[in-house]
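Enquirer: Sequence first, predicted model second:
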Amino acid sequence: MKNNIRIERAIKNITQAELAEQVGVSRQTINTIESNKYIPSTLLALKIARIFNKTVEEVFSLEEND
Amino acid sequence: MSSKPYIWYCKLDKMTKPKYLFPYNSRFIGIVLILIHIPVKLLWDSHYPGGYGHNNPAANGTETPLFSPPHLFFIGTTLMVLVGLFLIAFSKEKIEDEQIVQLRLDSLRWAIYLNYAILLFSLIFTHGSDSKHILMLNIWLPLLFFILRFQWVLFRLSRSVKSDETKL
């Protein structure tokens, strides 16, 4: 699964720490999601998408081998 | 009808909240308990050189009454270490999120696998009182494996985030 949180963050001009605080997780979790090391739960994915005013599909998308 | 989504929301909230964990600060109580056990053990050893071991007197086969000195020693050492390790192992992290929950579960499985592998191996190649000592060690060995593995994973996670920051 890939995501464009990093781009969305840049558009919204917020840091990993700020995003983490807004969705109620640690900064490490946002970092590992961004670098595709951790796949968030549906709940967390929905929360992240809501911060960016986007749908989940716009932020997260499946890859070929998923 | 309108109450249904609210109930679902509550359930979801409960599912994601960590359950059955001690508060963050209880890890410090755990560390203190383990540290306290050291002078108790040293005092006991100086009092009874080569005498009563670090064992439960009941398991030792010797008939000692409840709350006799050997029994109190057992409570003051083995059980104190056990409770201390338990508090350290199962206290919340500063920010408890779903990734921490997953890492904790992974570490717990890893610790149980390793513990039983070592236990099986050592029971095959030991006999007599050695086997009993190994079983005694198993009172707290799984907890120790779990703590070491969990803390190592957390350390690696924070280090990888730091190295990412220097790259950006």
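Expert: Cool, the structure landed. Residues are numbered from 1 along each chain as shown, chains lettered A, B, ... in the order given.

Enquirer: Would you mind listing the buried residues in the helix or strand where A:Leu44 lies?
Expert: Element membership of A:Leu44, judged by DSSP states H and E, is helix A:42-51. Going by neighbour count (16 or more other C-beta atoms under 10 Å in any protein chain shown), the buried part of helix A:42-51 is A:Leu44, A:Ala45, A:Lys47, A:Ile48, A:Ala49, A:Ile51. C-beta coordinates here come from the backbone N, C-alpha and C atoms, glycine included.

Enquirer: ok, which stretches of chain A are helices?
Expert: Assigned by DSSP state H, the helices in chain A fall at A:5-12, A:16-23, A:27-34, A:42-51, A:56-59.

Enquirer: Kindly report the same for chain B.
Expert: Going by DSSP H, chain B shows helices at B:3-16, B:26-47, B:69-74, B:80-89, B:98-124, B:129-137, B:141-167.

Enquirer: how about those helices, which one is nearest A:Ile5?
Expert: A:Ile5 lies closest to helix B:141-167 among these, at 13.3 Å (C-beta to C-beta).

Enquirer: relative to helix B:80-89, how tilted is that closest one?
Expert: For helix B:141-167 against helix B:80-89, the angle by axes from the mean of the first three to the mean of the last three C-alpha atoms, to 10 degrees is 30 degrees.

Enquirer: is any part of helix B:141-167 close to chain A?
Expert: Yes - shown here: helix B:141-167 in contact with chain A (C-beta under 8 Å from any C-beta of the partner chain) through B:Leu157, B:Ser158, B:Ser160, B:Val161, B:Asp164.

Enquirer: Tabulate those residues (TSV), appending distance to A:Lys2 and neighbour count.
Expert: As requested, the residues of helix B:141-167 next to chain A are arranged in TSV below (distance: C-beta to C-beta, whole Å; neighbours: other C-beta atoms under 10 Å in any protein chain shown):
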residue	distance to A:Lys2	neighbour count
B:Leu157	21	20
B:Ser158	24	14
B:Ser160	19	15
B:Val161	19	18
B:Asp164	17	15
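
Enquirer: For B:Pro23, grab the count of nearby residues.
Expert: 10 (other C-beta atoms under 10 Å in any protein chain shown).

Enquirer: which residues does it contact?
Expert: B:Ser91, B:Lys92 (C-beta atoms under 8 Å, 6 or more residues apart in numbering or on different chains).

Enquirer: Could you report the distance from it to B:Ile29?
Expert: 10 Å (C-beta to C-beta, to the nearest Å).

Enquirer: before we move on, the earlier item: between the helices of chain B, which has the poorest mean confidence score?
Expert: Here the helices of chain B differ in mean pLDDT, and the lowest is helix B:3-16 at a mean of 52.

Enquirer: Quick one: name the residues of chain A near chain B.
Expert: By C-beta under 8 Å from any C-beta, the residues of chain A that approach chain B are A:24-29, A:31-32, A:35, A:37-38, A:40-41, A:43-44.

Enquirer: quick revisit: deepest of the helices of chain A, which one?
Expert: helix A:27-34 (a mean of 22; mean count of other C-beta atoms under 10 Å in any protein chain shown).

Enquirer: quick one: the residue nearest to the spatial centre of chain B and B:His127, what's the gap?
Expert: Against the mean C-alpha coordinate of chain B, by C-alpha atoms, centre = their mean, the closest residue is B:Leu143 at 3.1 Å. Remark: distance between B:Leu143 and B:His127 (C-beta to C-beta) = 26 Å.
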